[in-house]
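In: I would like the atomic coordinates for the input below:
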Amino acid sequence: MVNETNTRPFQSKIRSKLLCDRRAVSAAAAAGITIVLILVVMLGLFATGVFQLNTVPHTTSTGTSPPPSGAYSLNAATTGYDHFNPGTTYASSTNFNVLWDALVAGSYQQLGSNTQTIAIQPSYGGTLYAVVTIPSGQSLYVDPAHTQTSNAPLVTSWSYSSVANNGVNNFIFKLSGIPPSTNPISPLDFYPYFISSATLSLSTPSAITSVGTTTTTQFLQWQGSFPSGTPNVGTMITEVQVTVNSTNAAVFQLNSVNDPATWGPNGAVSSGLIQGSSFTPQQGSTTYVYTNNIAKTPTDFSTGQFLLYGTNSLDTFPFTVSGTYDFGAATVTTNCLNVQIQVYVLLPSGAISTLSNAVNVASGATC
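Out: As a prediction, the model looks like this:
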């Protein structure tokens, strides 16, 4: 028989342990229920938007947003000036536009235009590009040589090409050593120079007669002028042609044409004679045409030549044509030649205007 007195302490210990275990299980169950309740509440808060995770929001760059890390800002500004008179100024957004560009991965990237704050990235290497454009209706030529000289040392060079690779060329000025980051923001000032355009006309020389049938040299003295009579203007010529109404090269030989240009986009040029050997002759069915290409193409502003009419200068630009005539050399009797000059003028709009005039040269008294 088991002694109950001896077993009671042992039973008591077992009951105590079971009670503790039940309490531990109850506590764990209560804790688990609490965690589940907390999670349910948090999910509810997330669903309603009351509680959000601490994430970095996506931002869209705008003109007023601070520049990205490592970048800084410059206060870009521009005013245009006249080639002849710095007291005459031109307004950006009206008379001209300056587009601020950076060269990124071989392509031009526009940062802004005219007067505004622009963001500068360290990857630009301290170099920007100012692209100068002329709005429609503005009779202004860009003066690249004067612009570079007057903006030195900021402007180190210029080119004439298309920033958009669309075949539309503009003058592009390279700005090297742009201002560093400062507080307050540093200015970036750029001052392009311009030439005001005016219409050129040609005079009509008198006919030359009675030159005989032997070899003789004659001069046809065409004169260009600006009929408005207002100085401080200019125009650009890109090509000159001389045409005679004969296919016999022995009757007429082109000796020279006077080039009255006073200035070119690459700087000063010397006016003088363009020798006949610099002209390309082309025989047609009834004519000979002699062509001298002054510019690379008739619409290339960067290689044309300016006729500049400034204050206290003569409004006279001679296009004198020297030719050798030999009417006796004709296999068929020729008594008269009609000699024509054509001057190709490039307007600021990019259009070509042709100035043309013709004069007769006769072996006898009349043609």
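
In: Mind telling me what element the closest residue to G229 other than its chain neighbours is part of?
Out: Spatial nearest neighbour of G229, chain neighbours left out: D315 (6.8 Å); criterion: Cβ to Cβ, 6 or more residues apart in numbering. Yep, even glycine has a C-beta here, placed from its N, CA and C like the rest. Using DSSP states H and E, D315 sits in no helix or strand.

In: what residues are up against D315?
Out: 225-226, 229, 231, 309 (Cβ atoms under 8 Å, 6 or more residues apart in numbering).

In: Can you list the residue ranges for helices in this protein?
Out: Assigned helices in the chain, in chain order: 4-48, 144-150 (criterion: DSSP state H).

In: weakest of the ones you listed in terms of mean pLDDT?
Out: Summarising mean pLDDT across the helices of the chain, the least confident stretch is helix 4-48, with a mean of 41.

In: So A295 sits against N266, correct?
Out: No: counting by Cβ atoms under 8 Å, no contact exists between A295 and N266, whose distance comes to 11.5 Å.

In: So for the two, which residue has more residues nearby?
Out: Between A295 and N266, A295 has the larger neighbour count (other Cβ atoms under 10 Å), namely 20 against 12.

In: How much space separates the nearest residue to the more buried one once chain neighbours are set aside from K296?
Out: Taking Cβ to Cβ, 6+ apart as the measure, A295 lies nearest to T238, with 3.8 Å between them; neighbours along the chain are not counted. Applying Cβ to Cβ, to the nearest Å, one obtains 9 Å for the distance of T238 from K296.

In: Quick one: neighbours of T213, just the number.
Out: T213 is flanked by 16 other residues according to other Cβ under 10 Å.

In: right, I mislabeled it, should have said C336
Out: Neighbours of C336 (other Cβ under 10 Å): 16.

In: T147 too?
Out: 24.

In: Number the chain from 16, please
Out: Okay, residue one is now 16; in that scheme the one you just asked about reads as T162.

In: one step back: any idea how far the residue nearest to G244 lies from S243?
Out: Noted for D330: a distance of 9 Å to S243, by Cβ to Cβ.

In: which sections of this protein are below the confidence cut-off?
Out: Counting by pLDDT under 70, the chain shows low-confidence ranges at 16-84, 345-348.

In: N353 contacts V259, doesn't it?
Out: Yes: counting by Cβ under 8 Å, N353 does reach V259; the two are 7.0 Å apart.

In: How about the contacts made by Y123?
Out: Under the criterion of Cβ under 8 Å, 6+ apart, the neighbours of Y123 are 116-117, 144, 146, 178-179.

In: could you check the distance from it over to T93?
Out: Using Cβ to Cβ, which is the criterion applied here, Y123 is 18 Å from T93.
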